[in-house]
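In: I'll drop the sequence and a predicted model, then ask my questions.
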Amino acid sequence: MGKANLVWLAPVFIVIILRDSCVARSPTAQDPFVQHLRAGTEEANQGNFSSAMADLQTAVELDRDNAEAWYQLGSLLGQMTDFRGAESAFRRAIKLKPEFAQAHYSLGLALTANPKSKLDWPGAISEFREALKYKPDYAEAFNLLGAGLTSTGEVDAAIPQLQHAIQIKPAFSAAHFNLAIALEKNDRLKGAAEEYRLAVSTRGAYPEATSALGKLLLRMGETTEARQELENALRLNPDLGDAHYALARALQSLGQNDDALIEFDEAKDLAQREPDAMQSALFSNTALELAAKGDFTGAAASLRRAIALEPDYGIPHHNLGLILADQGEMNEAAQELTKAISLMPGRARPWFDLGRVRKLQSDRRGAFEALSWAARLSPSDASIRSELASLPGTNPSSQATEPLPASQPMNQPKLGAVFDTARDHVAFAAELSARGDFLGAVGELLRALALQPAQIDARLALGRAYERLGDRDRTILEYGKIVRLVPEDAQVRIALGEVLLKSGRAREAANQFRIVLAHQPGSPEARAALKRATRALATPASANR
């Protein structure tokens, strides 16, 4: 589990609030263009993507030569993770207004917004430089210019750019973080450590920077301090796999091998945990409901949110492909369906739908290959056989021998809808739990924790949901994270001990009960639990665990 080469922060598409001076015409309160532009911008700020898209597209149609309208449209598309569309809109804005610094900056973001695809860092660097040409005090552009130069191996050139960003905005935590990364790559370790500390102090709770500092201190041989920083990072976000791994190494160096094994196990669990299908399925179902009502933009946005949460779960990609096909976006539809196939190669339906899309694209060979695979996977499906037989000049008995190449997965959106908050997900999870839908509750709580990893209520509810589902291993994992976040929480320690005891891990259970009694000697619950654990330790199976 090595450190990533670059942590690029702040790739957020900013929707600016319009002022009259932003609109290159003589605006009036009754001007339809201004009304739609203002409405679309406000709706985008509120996360109402579907209505925002309608208003901004109307504004563009009313005045196709207005750079601000194209910029706002690009910002919205960026929020919706349609980075190709965002790039096109920003380029149009720049063509109309070459000195538009924010459009240059945002175009740079669009060119590097998907870290799982090939990033156009040279193009982005050029755009950040253009932004700085027209806005010399643009700290954010200096920051990402420095990050881009670091990513392309030009570390010596990156460092002064990041220092400029900090000179302009001394409390710019992301710039301190990126400067630390550049300094560390340049083997200026003491300077890097200082910048990591500044990143933390200027932001406050910054688990990624705290973890990076801990890993750097471990590299520098300052093992005790490294352990402290890594534990601090995990208190802020117990889901940082690299921090668990580094902490395990630190504990090994300190001779605490038993504790190190626990951290290695947590790191391994986080690395191997399978995507939770339910949370993506919930968004996919919402999207299909929106599509049935004719709201294709909202449906696509909901599916992209599902993909952002679980990029390697195939169903949202499949559904997004269908929605895009319904909108006539056949090339993008084929991309998403191909991605779905790469994730679910044994399911016939994505192959079938890809074949139908290829047929609509007049790609007879591609349609035949996809439909042949569908027929091979589901030979009794009459609709597949019928579609395959409808292709002119084909032999339905033929089979494809090679799967189609997979497209690149979608990236996590950098700014979600305003209503997609941790509190909302926790509240909905409570409703689902009350109905007995604990699997659905797990999906909602995982989304809550993705937004706010240190939220105790969500993590406690997640542990309880796993317990109700009978998944003791994950229950133990979640309760264990809570006692790391809140060591003094006696009730959670007792609950953790009870689950450990039920799992036959009596020795570990007894340790949890003893910790409670060390702080609350009069706790009858902990005393009774410790007696049960002690009795269980008398059995050979439990005594060895």
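Out: That came through fine.
In: burial count for residue 169?
Out: Residues within reach of residue 169, counting by other C-beta atoms under 10 Å, total 18. Placement of C-beta: from N, CA and C, glycine included.
In: Look at the closest residue to it other than its chain neighbours and say how many residues are nearby.
Out: Nearest non-adjacent residue to residue 169, counting by C-beta to C-beta, 6 or more residues apart in numbering: residue 139, 4.3 Å away. Residues within reach of residue 139, counting by other C-beta under 10 Å, total 18.
In: wait, isn't residue 139 in contact with residue 168?
Out: Yes. With contact defined as C-beta atoms under 8 Å, residue 139 counts as touching residue 168 (4.1 Å).
In: thinking again about what came up before, let me know the pLDDT of the residue nearest to residue 169.
Out: Predicted confidence (pLDDT) at residue 139: the value is 95.
In: can you pull the contacts of it?
Out: Remark: with contacts taken as C-beta atoms under 8 Å, 6 or more residues apart in numbering, residue 139 is in contact with 164, 165, 168, 169, 172, 175.
In: With respect to residue 355, which of these is nearest?
Out: The shortest separation between residue 355 and any of those is 49.3 Å, and it belongs to residue 175 (by C-beta to C-beta).
In: Phi and psi next, for the closest one.
Out: phi -70, psi -40 (degrees, to the nearest 10).
In: Quick check: which element contains the residue nearest to it when sequence neighbours are not counted?
Out: Distance criterion C-beta to C-beta, 6+ apart; nearest residue to residue 175, sequence neighbours excluded, is residue 165 at 4.0 Å. In the assignment (DSSP states H and E), residue 165 maps to helix 155-168.
In: Would you mark the buried spots in that helix?
Out: Neighbour-count burial for helix 155-168 flags 155, 157, 158, 159, 161, 162, 163, 164, 165, 166, 168 (criterion: 16 or more other C-beta atoms under 10 Å).
In: Surely the second one is in contact with residue 149?
Out: This means residue 157. Yes. Using C-beta under 8 Å, residue 157 makes contact with residue 149 at a distance of 4.9 Å.
In: where in the stretch 151-300 of the chain is pLDDT low?
Out: By pLDDT under 70, the weakly predicted segments of the stretch 151-300 of the chain are 269-286, 288-289, 291-293.
In: rerun that using 50 as the cut-off
Out: Of all residues in the stretch 151-300 of the chain, those with pLDDT under 50 make up the ranges 274-278.
In: before we move on, back to that, can you tell me which of the contacts of residue 139 is nearest residue 456?
Out: Of all these, the one with the least separation from residue 456 (C-beta to C-beta) is residue 172, at 29.9 Å.
In: That closest one against residue 165, yeah?
Out: Yes. Look at residue 172 against residue 165 with C-beta under 8 Å: they come within range, at 5.7 Å.
In: what sits in contact with each of the two?
Out: Listed as contacting both residue 172 and residue 165 by C-beta under 8 Å, 6+ apart are 139, 143.
In: Leaving out the residues flanking it, which one is nearest to residue 206?
Out: Taking C-beta to C-beta, 6+ apart as the measure, residue 206 lies nearest to residue 200, with 4.8 Å between them; neighbours along the chain are not counted.
In: so where does that neighbour fall, helix or strand?
Out: In this structure, residue 200 is located in helix 189-203 according to DSSP H and E.
In: just the angle between that helix and helix 155-168, please?
Out: Taking axes from the mean of the first three to the mean of the last three C-alpha atoms, to 10 degrees, one finds helix 189-203 and helix 155-168 inclined to each other by 30 degrees.
In: still on that earlier bit, turn the contacts of residue 139 into a markdown table, columns for distance to residue 478.
Out: Converted to a markdown table, these look like this (distance: C-beta to C-beta, whole Å):
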| residue | distance to residue 478 |
| --- | --- |
| 164 | 44 |
| 165 | 38 |
| 168 | 42 |
| 169 | 38 |
| 172 | 35 |
| 175 | 35 |
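In: what's the closest of those residues to residue 39?
Out: Distance to residue 39, by C-beta to C-beta, is smallest for residue 169 among the contacts of residue 139, at 31.8 Å.
In: so that closest one touches residue 175, yeah?
Out: Yes. Under the contact definition of C-beta under 8 Å, residue 169 touches residue 175, with a separation of 7.0 Å.
In: After the helix or strand harbouring residue 439, which helix or strand is next? Please name it.
Out: When elements are assigned from DSSP H and E, residue 439 belongs to helix 438-451. Scanning the chain past helix 438-451 towards its C-terminal end, the next helix or strand to appear is helix 456-468 (assignment: DSSP H and E).
In: In that following helix, which residues are buried?
Out: 458, 459, 460, 461, 462, 463, 464, 465, 466, 467.
In: what angle do the helix holding residue 439 and helix 456-468 make?
Out: With the same axes, to 10 degrees as the basis, helix 438-451 and helix 456-468 are set at 150 degrees to each other.
In: tell me what helix 438-451 is packed against?
Out: Counting contacts by 3 or more C-beta pairs under 8 Å, 6 or more residues apart in numbering; DSSP states H and E, helix 438-451 packs against helix 277-292, helix 296-309, helix 422-434, helix 456-468.
In: just so I know, which of these lies nearest residue 44?
Out: In terms of C-beta to C-beta, the element of the helices and strands packed on helix 438-451 nearest to residue 44 is helix 296-309, at 11.1 Å.
In: For the closest one, name the packing helices and strands.
Out: Other elements packing on helix 296-309 under the criterion 3+ C-beta pairs under 8 Å, 6+ apart are helix 49-62, helix 277-292, helix 314-326, helix 438-451.
In: If I average pLDDT within each of those helices, which one is lowest?
Out: Taking each of these in turn, the lowest mean pLDDT turns up on helix 277-292, with a mean of 61.
In: burial count for residue 379?
Out: Using other C-beta under 10 Å, residue 379 has 10 neighbouring residues.
In: Just say helix, strand or coil for it.
Out: Following DSSP: H, G, I helix; E, B strand; the rest coil, the label given to residue 379 is coil.
In: I'd like to know how far it sits from residue 348.
Out: Here the distance between residue 379 and residue 348 works out to 9 Å (C-beta to C-beta, to the nearest Å).
In: What of residue 377?
Out: Taken as C-beta to C-beta, the spacing of residue 377 relative to residue 348 amounts to 4 Å.
In: and what of residue 161?
Out: If you measure residue 161 against residue 348 using C-beta to C-beta, the figure is 52 Å.
In: Give the burial count for residue 539, as a bare number.
Out: The tally of other residues near residue 539 (other C-beta under 10 Å) stands at 11.
In: likewise residue 389?
Out: Every residue meeting other C-beta under 10 Å relative to residue 389 is counted, giving 12.
In: quick one: the residue nearest to residue 206 and residue 208 touch, right?
Out: No. Taking contact to mean C-beta under 8 Å, the distance of 9.6 Å between residue 200 and residue 208 leaves them out of contact.
In: Residue 88 and residue 208, how far apart?
Out: On the measure of C-beta to C-beta, residue 88 and residue 208 end up 32 Å apart.
In: Settle it for me: which of those two has more neighbours?
Out: The residue with the greater number of neighbours, taking residue 88 and residue 208 and applying other C-beta under 10 Å, is residue 208; the counts read 20 against 17.
In: quick one: common contacting residues for residue 157 and residue 149?
Out: For the pair residue 157 and residue 149, no residue contacts each of them under the criterion C-beta under 8 Å, 6+ apart.
In: Any regions of the stretch 1-150 of the chain where pLDDT drops low?
Out: 1-24, 26, 116.
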